[in-house]
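> Everything below, folded, please.
(one chain, ligands or ions: 1)
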Amino acid sequence: MLTGKRILLIIGGGIAAYKSLDLIRRLKERGASVTPVLTRAGEEFVTPLSVGALAGVKCYRHLFDLTDEAEMGHIELSRAADLVVVAPATADLMAKMAGGQADDLASTLLLATDKHVLIAPAMNVRMWLHPATQRNIATLRADDVRFVGPNEGDMACGEYGPGRMAEPMEIVAGIAAMMGDGPLAGRHVLVTSGPTHEPIDPVRYIANRSSGAQGTALARALRDLGAKVTFVTGPARERSPGGVDIVRVETAREMLAAVTAALPADAAVFAAAVADWHVTNASGSKMKKDGSGKAPAIEFAENPDILAHVAGLKKNRPALVVGFAAETDDVVDNAAAKRKRKGCDWIVANDVSPETGIMGGAENAVTLISATGAEEWPRLPKDEVARRLAARIAKALGQETAEGTTDKGD
Ligand code: C5P
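Numbering: from 1, shown residues only. Okay, the predicted model is just below:
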């Protein structure tokens, strides 16, 4: 499945480097060629000899290995690949990548490459959770670096938590998806995200606190499973992901038009926090105080319900329609009623009471509601919620293909 694909594999200095030896074998079994690069710290964990022997080619180590231009120069090396993979990606290597440093062969290749980069982080849980690493993660994601893992579990250092490198086969799956071979390859998934802005006059608008974080994470996770993603976003704080078709809109009515134009799709996920109303008497020029102390009367009309509209389509209805329900009380009951009322297949319900810190925060605690019941998920980072939901969507669409029906109760 990876026949003829060229992978430049950078092995960083962590105990997980031993798993990279197996990764080389798995990639080669699938027909890929692997050009390995070992950092100085990586050499403390695995030897250039074993890496080179498994890859069947020279293991590159030092920037100045490449000064002899009879050999491949570092720019050429960074480009002569279909994909650059960093496994393990240590906290230090990620910091270098985020900061654009180029003081050794690995960091120079990462700065010089024009190819996509997939990293498999591996580090102690405290290092992973440290604000500096979290800042670097956000920067790397914004730079369109793809991640696989880290997983949560027991660590070589005796602690427990996120930081374990993804298993070799998980990395292979990540690589395959980036090569257009994931479980959602050939599928089109539509995602709405962010708030909408409803103008009052040319400088003022009605909005809400949605950051777009959950919808953005979801678009990324679906993309990482190989889907073609159309990402229809309101004016969100979160930077939009790379590798997806982005349609920027402002109002709910524009969002509906963009969604309709993007159909057909295999699945549609409505993560946007759409304003319920728009102002019907919005002024064409800036409204001014007239000195009378009287506030202007703003009149509202209901916005179209985009989710309900798409879920009710006779023609072009996606096989799987997923809505979100941000509630502050009776979350599950309200969301289950909403699923029926809107005619969607799944509702992802969450409690956005201010004390949860979920709206605009980094974590989410959701309940997935389908025709067969409610499944409560633990409180997780929004990225992890997105990965789990994307995997469920892939499974549901896979079953639909296999059985000719959608198992919407999944
Ligand atoms: O009715 P409520 O706003 O709680 O419904 C939330 C769900 O409906 C979300 O999935 C949201 O994206 C979607 N929605 C929509 N169009 C609207 C209002 C909500 O697509 N006008």
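
> The residue in the stretch 101-250 of the chain that the ligand sits nearest to: which element?
Nearest to the ligand, among the residues of the stretch 101-250 of the chain, is Thr192, at 5.7 Å (C-beta to the nearest ligand atom). Glycine gets a C-beta too; all of them are placed from N, C-alpha and C. Taking DSSP states H and E as the definition, one finds Thr192 inside strand 188-193.

> quick one: contacts of that strand?
212, 214-216, 218-219, 222, 227-234, 236, 238, 255, 259, 262-272, 274, 306, 318, 393 (C-beta atoms under 8 Å, 6 or more residues apart in numbering).

> From these, which land in helices?
Using DSSP state H to define helices, the subset of the contacts of strand 188-193 located there is 214-216, 218-219, 222, 255, 259, 262, 306, 393.

> roughly how far is the helix or strand of the chain with the lowest mean pLDDT from the heart of the chain?
Of all regular secondary-structure elements in the chain, judged by mean pLDDT, DSSP states H and E, the least confident is strand 151-154 with a mean of 80. Relative to its chain's centre, strand 151-154 lies at 20 Å (C-alpha atoms, centre = their mean, to the nearest Å).

> What of stretch 250-267?
Its chain's C-alpha centre lies 20 Å from the corresponding centre of stretch 250-267 when counted by C-alpha atoms, centre = their mean.

> quick revisit: in its sheet, what does the least confident helix or strand of the chain sit against?
strand 160-164 (antiparallel) (DSSP bridges).

> ok now the strand it pairs with, how far from the chain's centre?
Relative to the centre of its chain, strand 160-164 is centred 20 Å away, using C-alpha atoms, centre = their mean.

> Which positions in that strand come out as buried?
For strand 160-164, a neighbour-count test (16 or more other C-beta atoms under 10 Å) marks 162-164 as buried.

> And for stretch 125-136?
Neighbour counts over stretch 125-136 (16+ other C-beta under 10 Å) mark 125, 127-128, 133, 136 as buried.

> Of these, which pair is most distant in space?
Spanning the widest gap among these are Val125 and Asn136, at 15.8 Å by C-beta to C-beta.

> Am I right that Phe137 falls within a helix?
No Phe there; residue 137 is Ile. Yes. Residue assignment for Ile137, taken from DSSP: H, G, I helix; E, B strand; the rest coil, places it within a helix.

> Let me know whether Ala275 touches Pro195 as I believe.
Yes. Counting by C-beta atoms under 8 Å, Ala275 sits close enough to Pro195 to count as a contact (7.4 Å).

> picking that back up, and which of the buried residues of stretch 125-136 is nearest to Ala106?
The shortest separation between Ala106 and any of the buried residues of stretch 125-136 is 15.5 Å, and it belongs to Asn136 (by C-beta to C-beta).

> possible to save the buried residues of stretch 125-136 as CSV with distance to the ligand and pLDDT?
Conversion of the buried residues of stretch 125-136 to CSV gives the following (distance: C-beta to the nearest ligand atom, whole Å; pLDDT from 0 to 100):
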residue, distance to the ligand, pLDDT
Val125, 34, 92
Met127, 36, 95
Trp128, 31, 95
Thr133, 32, 97
Asn136, 31, 97
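
> still on that earlier bit, out of the contacts of strand 188-193, which are buried?
A residue is treated as buried here by neighbour count (16+ other C-beta under 10 Å); on that basis the buried members of the contacts of strand 188-193 are 212, 214-216, 218-219, 222, 227-234, 236, 238, 255, 259, 262-263, 265-272, 274, 306, 318, 393.

> What about the ligand: which of those touch it?
Applying C-beta under 6 Å from any ligand atom, the subset of those adjacent to the ligand comprises 270, 272, 274, 306.

> Among those residues, name the ones in strands.
Counting by DSSP state E, the members of those that fall within strands are Phe270.

> Could you dump the ones next to the ligand among the buried ones among the contacts of strand 188-193 into CSV with pLDDT added?
Listed next are those as CSV, based on pLDDT from 0 to 100:
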residue, pLDDT
Phe270, 98
Ala272, 97
Val274, 97
Ile306, 98
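
> The strand holding Thr192 pairs with which strands?
Those paired with strand 188-193 in the sheet (DSSP bridges) are strand 228-233 (parallel), strand 267-270 (parallel).

> mean pLDDT lowest for which of those strands?
Mean pLDDT across the strands paired with strand 188-193 is lowest at strand 228-233; the value there is a mean of 95.

> could you give me the average pLDDT of whatever helix or strand comes next after that strand?
Secondary structure here is assigned by DSSP H and E; on that basis, the next helix or strand after strand 228-233 toward the C-terminus is strand 245-248. The average pLDDT within strand 245-248 is 92.

> what comes into contact with strand 245-248?
Under the contact criterion C-beta under 8 Å, 6+ apart, strand 245-248 has outside partners 228-233, 235, 240, 258, 261-262.

> follow-up on the earlier one: name whatever forms a beta bridge with the residue of the stretch 101-250 of the chain closest to the ligand.
Here Thr192 sits in beta bridges with Val232, Phe270, going by DSSP bridges.

> quick revisit: overlap of the contact sets of Ala275 and Pro195?
Shared between the contact lists of Ala275 and Pro195 (criterion: C-beta under 8 Å, 6+ apart) are residues 207-208.

> Close to the ligand: what parts of this protein are there?
The chain comes close to the ligand at residues 192, 252, 270, 272, 274, 303-307, 323-325, as judged by C-beta under 6 Å from any ligand atom.

> Return the set of buried residues in stretch 149-163.
Within stretch 149-163, the residues that qualify as buried by neighbour count (16+ other C-beta under 10 Å) are 149-150, 155, 162-163.

> Alright, calling it a day.
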